[in-house]
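Enquirer: Sharing a model that was predicted from the sequence below.
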There are 2 protein chains.
Amino acid sequence: MSFQTTFKALSDPVRREILQLLTKQRLSAGEIGQHFTMTAATVSYHLKVLKKADLIDEEREKNFIYYSLNTTVLEEVLLWLTDLKGNGEDEENN
Amino acid sequence: MSFQTTFKALSDPVRREILQLLTKQRLSAGEIGQHFTMTAATVSYHLKVLKKADLIDEEREKNFIYYSLNTTVLEEVLLWLTDLKGNGEDEENN
DNA sequence: AAATAATTTAGATACTTATCTAATTAGAAT
DNA sequence: ATTCTAATTAGATAAGTATCTAAATTATTT
C-alpha cells in the first residue's frame, strides 16, 4: 500500500482512536462500535479504510470479525518521520 | 495545534514532499513552487496548512518568505506512533 | 430451511479539500 | 510615486470524505 493510503488513513481521529483501542486487545467490529456514537455502517467504513492501509488485520470467528493492530506499516511511517526530522545538522539515527 | 491538524497536514503528498525539500535547506515559496507543476497560489495554500500545523516556520527577508522545517511537532507524532506500535503484550502508557 | 445476529455494501447527502484564475498586499528599485 | 517582483488572499469549482438509512451478506442457531 502507498504511503498516501497510510497517511490518509491515519489522518482521521476516529481511525486513530480505533487503532489505540486495538493496542490493548483485538476487538470485534461491534465492540469497536460501542466506543463511538456513530452507526455500525460508519464504523465499518473506517475499518475498511484501515484495512486497506494495512494498519489492521481481521480474522473471522463464529459470526464475528475480530480486528487487531498490524504494526508493520507503522514501522515504515516511523522511519519516514525519523528521517524527516533526522537532519538538523547531521543525523544520528536509523 | 491539535493532533488532528498535524495528521491532516501530513496526509497530503505535496505537503510531505515540501517537508522533505525543507530537510535540506530553507527555501522561499517560489523555490518550493519550482519543484511542482501547480500554481503559486496552490503552493501557498499548502504552505499555509503546514504553517497552521506548526510543521514549518517562516521568516521574511527582503520580499521573499523563507520556509524551514520545524521538527517539534514531528517529535510528538513520533511519540504517538511509537506508543501505538510499542505494546505487543502489555501497555505502559497513555 | 427460517429466524436471528454481526457485519458489510449501496446509495444519498453534507462537508471538506485541492486546485485554478484573478485580485490584492508588501517590499524593492527605479 | 510608479513599477516590478514575490507571495498571499478571495472566490469558484471539482473531487474526495464521513456520515446516515436501508438493503444485502454471512454465519449460527433453532
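Expert: Looks like it came in fine. Residues are numbered from 1 along each chain as shown, chains lettered A, B, ... in the order given.
Enquirer: Run through the helices of chain A in chain order.
Expert: A:3-10, A:13-24, A:29-34, A:40-52, A:72-85 (DSSP state H).
Enquirer: now for chain A, which residue lies nearest the mean position of the chain?
Expert: Geometric centre of chain A, nearest residue: A:Leu55, 3.9 Å, by C-alpha atoms, centre = their mean.
Enquirer: What is the burial count for A:Lys44?
Expert: Residue A:44: Ser, not Lys. 14 (other C-beta atoms under 10 Å in any protein chain shown). From N, CA and C alone the C-beta is placed, and that goes for glycine too.
Enquirer: got it, and the one 3 residues further on?
Expert: The number of residues packed around A:Leu47, counting by other C-beta under 10 Å, is 19.
Enquirer: Roughly how far does it sit from DNA strand D?
Expert: 11 Å (C-beta to the nearest atom of the strand, to the nearest Å).
Enquirer: ditto for A:Phe7
Expert: 10 Å.
Enquirer: can you check A:Arg16 too?
Expert: 11 Å.
Enquirer: what's around the residue nearest to that residue when sequence neighbours are not counted, how many residues?
Expert: If the residues on either side of it in the chain are set aside, A:Arg16 comes closest to A:Leu10, at 6.4 Å by C-beta to C-beta, 6 or more residues apart in numbering or on different chains. Neighbours of A:Leu10 under the rule other C-beta under 10 Å: 26.
Enquirer: Can you check what pLDDT the model gives the closest residue to DNA strand C within chain A?
Expert: Taking C-beta to the nearest atom of the strand as the measure, the point where chain A comes nearest DNA strand C is A:Gly30, at 2.1 Å. At A:Gly30, the pLDDT value in this model is 97.
Enquirer: Report pLDDT for A:Ala41.
Expert: 98.
Enquirer: residues contacting the residue in chain A positioned nearest to chain B?
Expert: Nearest to chain B, among the residues of chain A, is A:Ser11, at 3.7 Å (C-beta to the nearest C-beta). Each residue near A:Ser11 by C-beta atoms under 8 Å, 6 or more residues apart in numbering or on different chains is listed here: B:Phe7, B:Lys8, B:Leu10, B:Ser11.
Enquirer: How about it, nearest residue that isn't a chain neighbour?
Expert: Closest to A:Ser11 by C-beta to C-beta, 6+ apart is B:Ser11, at 3.7 Å.
Enquirer: For the one you found, give me phi and psi.
Expert: Dihedral pair for B:Ser11: phi -80, psi 0, per degrees, to the nearest 10.
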